[in-house]
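>>> Here is a sequence with its predicted model. Questions after.
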Amino acid sequence: QVQHVESGGGLVQPGGSLRLSCEGSGFFVGNYGMMWYRQAPEKERELVAAISNAGGTTTYAESVKGRFTISRDNVKDAVYLQMKSLKPEDTAVYYCAKSRTWWYSGGPDYWGQGTQVTVSS
């Protein structure tokens, strides 16, 4: 059974940092592209960052470039999202997702349960 478990969300002040983790099970993470999406209240879910199966290629939403870093550890079946210089507009539920292929272009087929990130003073 394919599963993702996200962790690391919470409440942080503007300018602060958080590191989200996603641990996969039921499949070999190293075979697939992995993504982080987010969904804010009353907004559509959006792609935040993606990383290729071997970790050599990444892409980011314009709104997070230079502030967020996606990485992976295929030995641990884990994907991470390091978030710095957080802004109130980063407030959302963040979801980890697995791609159907080695890159995010294959589209997501499994989702985690999400972790809430709230940026507020």
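Sure thing, it's come through. Numbers count the residues shown, from 1 in each chain.

>>> and the residue nearest to the spatial centre of the chain, how far is that from Tyr104?
Taking C-alpha atoms, centre = their mean, the centroid of the chain lies closest to Trp36, which sits 2.5 Å from it. Using C-beta to C-beta, to the nearest Å, Trp36 is found at 10 Å from Tyr104. To be clear about C-beta, it is placed using only N, CA and C from the backbone, and glycine gets the same treatment.

>>> Give me the common contacts of these two.
Leu47, Ala50 (C-beta atoms under 8 Å, 6 or more residues apart in numbering).

>>> So the residue nearest to the centre of the chain versus Tyr95, what's the distance?
Trp36 is 7 Å from Tyr95, by C-beta to C-beta.

>>> Now do the shared contacts for these two.
Taking C-beta under 8 Å, 6+ apart as the contact criterion, no residue touches both Trp36 and Tyr95.

>>> pretty sure the residue nearest to the centre of the chain is in a helix, no?
No: remark: Trp36 does not belong to a helix; assigned using DSSP: H, G, I helix; E, B strand; the rest coil, it is strand.

>>> what residues are up against it?
20, 22, 47-50, 70, 79, 81, 94-97.

>>> likewise Gly55?
Ser71, Arg72, Asn74.
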